[in-house]
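K.L.:
sequence isn't available, so here's the structure alone:
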Ligand code: ATP
Ligand code: MG
């Protein structure tokens, strides 16, 4: 099948609505160079998560196109697509299983691969501080993690698949500023290695982004650097 080797994203005149009469994304065009780090901000309901859902093929656009490395989204096989495109969702879910299993997700990764991903996601240190380290049970009845810590586990999970493209939908609620800073550092470290689109609720999370997109009613209102906005 076709694999994503570079990670360039081309979005052309995208239009989508959950119901045909009410467009949530409209007239949205955007090109993201391979390896770039783009941040997306916008008020609640502006279509940020919907845009990621379209990029992830959870929904199909009514018109317009999305291409990755010049290849239409529909041309990728499911398995290759899942391997090459990582997602850190707005509300990460944890399995009732160990930290290790939550990062591995049945992919049969080695301990070294798990740890490398955890280090890149900046969660290695807090995992080691848990009672049983990587074998500590999480999820229902497991160790209680903050929303931010769950996101870091979700980042490690996404990175463990060595994706070319990473989408991150920052958790809305209750991220303490320390965790938020760690997410910011994790993103900074990934810079240039994968193409990143990170939705943020605070501009500080995407301070290091190459470019910040301001979404307003499903349309790009403005774009520029952190300093320019
Ligand atoms: P937030 O900052 O709160 O996460 P967002 O920018 O991610 O907001 P979306 O979740 O993309 O916004 O929602 C955009 C619009 O689409 C909103 O009006 C929302 O109510 C609507 N919407 C989102 N998901 C669905 C769905 N599954 N079915 C119908 N409407 C939806
Ligand atoms: Mg959202």
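P.N.:
Nice, I can see it. From a predicted model like this one, the values you see are computed outputs, not experimental measurements. Ligands and ions are numbered 1, 2, ... in the order given.

K.L.:
rest of the way, CA atoms for contacts and neighbours
P.N.:
Noted.

K.L.:
which residues of the protein score low on pLDDT?
P.N.:
Residues of the chain that meet the criterion pLDDT under 70 lie in 172-175.

K.L.:
quick one: the strands in it?
P.N.:
All strands of the chain, identified by DSSP state E, fall at 9-16, 25-32, 37-41, 63-68, 71-72, 85-88, 165-169, 195-199, 211-216, 219-224.

K.L.:
columns mean neighbour count and distance to residue 205 on top of these, output as a markdown table?
P.N.:
Formatted as a markdown table, the strands of the chain follow (neighbours: other Cα atoms under 10 Å; distance: least, Cα to Cα, whole Å):
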| stretch | mean neighbour count | distance to residue 205 |
| --- | --- | --- |
| strand 9-16 | 20 | 22 |
| strand 25-32 | 18 | 19 |
| strand 37-41 | 24 | 9 |
| strand 63-68 | 19 | 25 |
| strand 71-72 | 14 | 30 |
| strand 85-88 | 24 | 14 |
| strand 165-169 | 24 | 11 |
| strand 195-199 | 26 | 9 |
| strand 211-216 | 22 | 11 |
| strand 219-224 | 16 | 15 |
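
K.L.:
redo the ones you listed as a markdown table? Include distance to residue 121.
P.N.:
Below are the strands of the chain laid out as a markdown table (distance: least, Cα to Cα, whole Å):
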| stretch | distance to residue 121 |
| --- | --- |
| strand 9-16 | 23 |
| strand 25-32 | 23 |
| strand 37-41 | 16 |
| strand 63-68 | 24 |
| strand 71-72 | 29 |
| strand 85-88 | 11 |
| strand 165-169 | 12 |
| strand 195-199 | 14 |
| strand 211-216 | 22 |
| strand 219-224 | 26 |
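
K.L.:
for this structure, what lies in contact range of ligand 1?
P.N.:
Contact residues, the chain versus ligand 1 (Cα under 6 Å from any ligand atom): 18, 24, 43, 44, 45, 46, 47, 48, 49, 50.
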